[in-house]
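Engineer: model this:
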Amino acid sequence: MKRISVLVTGVGGGGVGQQIIKSLKLSKSNYEIIGTDIFPISKGLMEVDYPYTVPRATEKNYIDCLTAIIKKHQVKVLFPGSEPELKVISEQREKISSMGIYLPINPNHVIKICLNKFDTNKFLKNNGFYYPKTFRISSIDCLKKVDFYPAIIKQNTGSSGSINVFIVQNISELISLSKYLFLTSSSPFIAQEYVGNANDEYTVGVLISNDGEIINSIAVKRMILSGLGNKTLIKNNTTNTKLGDYLAISTGITQGEIGKFPEVTKQCEKIAIKMGCRSTVNIQCRLVENKIFVFEINPRFSGTTSFRAMVGYNEPDILIKKYVLNENVENYFEYQAGTIMRGFEEKKIRSEYIKDSKDLIQTT
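Structural biologist: Next comes the predicted model:
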């Protein structure tokens with residue numbers, strides 16, 4: 001059987017790109033994996049068949065470099081592995097798809113909503129879903145609007161891996177950390193109500209067909225109170241004991257119990273359908289009195305993509321089988337449940353194998 005050439009971008013940094021590579025390698029299908037990253041010193045580039053460096057997604061020749069790689073390796077599928085690349089690739093989807101490439105990404109309107117946390121909150125509010133109170137902060141005067149504590153303050157866009165995300169429990173902390181964010185960021189940020197108990201946080205994957213039907217869904221009940229799971233862990237000094245003894249923000253390195261969790265996934269499926277998702281979407285939420293309060297939606301593959309593949313829920317492989325190989329994929333197929341924990345792995349870098357994609361442009 002001929003190998004299917006798959007291009008995965010953004011494979012460095014231990015993020016989504018590496019998760020997609022791991023999932024493809026867990027498949028029984030025969031994939032030739034081409035990987036790209038902006039840095040030549042990249043663990044992910046050591047885990048693919050053909051490694052390339054590419055310019056940043058914001059540079060003019062980024063798409064030219066991708067198309068040169070696609071032509072050289074007769075790529076059939078392209079998976080964006082980082083949000084900056086997802087945004088640019090989405091804008092250029094017609095050009096890329098015209099090359100005969102399967103591009104498993106959500107519609108532009110979904111990506112636009114989800115990459116803006118305030119717009120995500122507004123979508124939830126306007127469509128009758130549960131959400132934490134959220135205010136957009138563009139000046140010190142805006143802080144007067146915040147009438148809830150504890151609160152999370154974070155950048156309105158980005159914040160990958162919970163960078164510049166903080167918990168505040170009173171107005172003094174809010175003012176101090178807001179001044180820091182004003183100094184370090186040129187974009188507005190948001191203040192969002194801290195809801196639920198840290199023991200009831202979930203990351204949920206919903207997989208939707210090109211026709212808008214639910215293929216399946218899965219959830220990880222996150223362990224964020226210890227180990228790699230938490231970025232911030234502080235004592236709850238408020239009078240709201242329902243929030244638990246400690247308040248926590250996750251690192252983005254998810255570990256925990258994985259399974260169907262229908263009380264959570266069924267609610268997330270409704271959100272994904274209403275938003276008009278196609279492909280996979282990742283919903284971050286907490287379960288409070290049997291209702292999910294969504295604080296973030298990622299319009300892409302998840303940092304738990306390989307977790308899911310380990311229990312038989314291999315999203316990249318499923319989409320390739322359905323839309324490239326034209327195989328039948330049963331909706332709500334069975335998969336396993338279990339607990340998955342994470343650690344670190346070392347890799348010796350062999351930079352002599354890594355090619356610069358700009359060289360492909362010069363030779364064509």
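
Engineer: residue 153 belongs to a strand?
Structural biologist: Yes - when DSSP: H, G, I helix; E, B strand; the rest coil is applied, residue 153 is found to be in a strand.

Engineer: need the contact list for it.
Structural biologist: 137, 165, 166, 168, 174, 177, 178, 181, 189, 190, 191, 192 (C-beta atoms under 8 Å, 6 or more residues apart in numbering). No exception for glycine: its C-beta is placed from N, CA and C like everyone else's.

Engineer: what about 6 Å?
Structural biologist: Applying C-beta atoms under 6 Å, 6 or more residues apart in numbering, we find residue 153 in contact with 166, 177, 191.

Engineer: sec struct for the most centrally placed residue in the chain, please.
Structural biologist: Centroid-nearest residue in the chain, with C-alpha atoms, centre = their mean: residue 302, separated by 4.1 Å. When classified by three-state DSSP, residue 302 comes out as coil.

Engineer: helix or strand: which one has the closest residue to it other than its chain neighbours?
Structural biologist: Among residues not flanking residue 302 along the chain, residue 282 sits closest, at 4.0 Å (C-beta to C-beta, 6 or more residues apart in numbering). Using DSSP states H and E, residue 282 maps to strand 279-288.

Engineer: cool, residue 270 as well?
Structural biologist: Assigned by DSSP H and E, residue 270 falls within helix 262-275.

Engineer: and that helix, what does it pack onto?
Structural biologist: Applying 3 or more C-beta pairs under 6 Å, 6 or more residues apart in numbering; DSSP states H and E, we find helix 262-275 packed against strand 201-208, strand 214-222, strand 279-288.

Engineer: export only the CA atoms of it, formatted as PDB.
Structural biologist: Listed next in PDB are the C-alpha coordinates belonging to helix 262-275 (Å, rounded to 0.1, in the frame of the first residue of the first chain):
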ATOM      1  CA  PRO A 262     -21.900  12.100  28.700                       C
ATOM      2  CA  GLU A 263     -23.000  14.700  31.200                       C
ATOM      3  CA  VAL A 264     -20.300  16.900  29.800                       C
ATOM      4  CA  THR A 265     -19.800  15.900  26.200                       C
ATOM      5  CA  LYS A 266     -23.500  16.000  25.200                       C
ATOM      6  CA  GLN A 267     -23.600  19.700  26.300                       C
ATOM      7  CA  CYS A 268     -20.400  20.400  24.300                       C
ATOM      8  CA  GLU A 269     -21.800  18.700  21.200                       C
ATOM      9  CA  LYS A 270     -24.700  21.200  21.200                       C
ATOM     10  CA  ILE A 271     -22.300  24.100  21.400                       C
ATOM     11  CA  ALA A 272     -20.200  22.800  18.500                       C
ATOM     12  CA  ILE A 273     -23.200  22.200  16.300                       C
ATOM     13  CA  LYS A 274     -24.600  25.700  17.100                       C
ATOM     14  CA  MET A 275     -21.300  27.300  16.200                       C
END
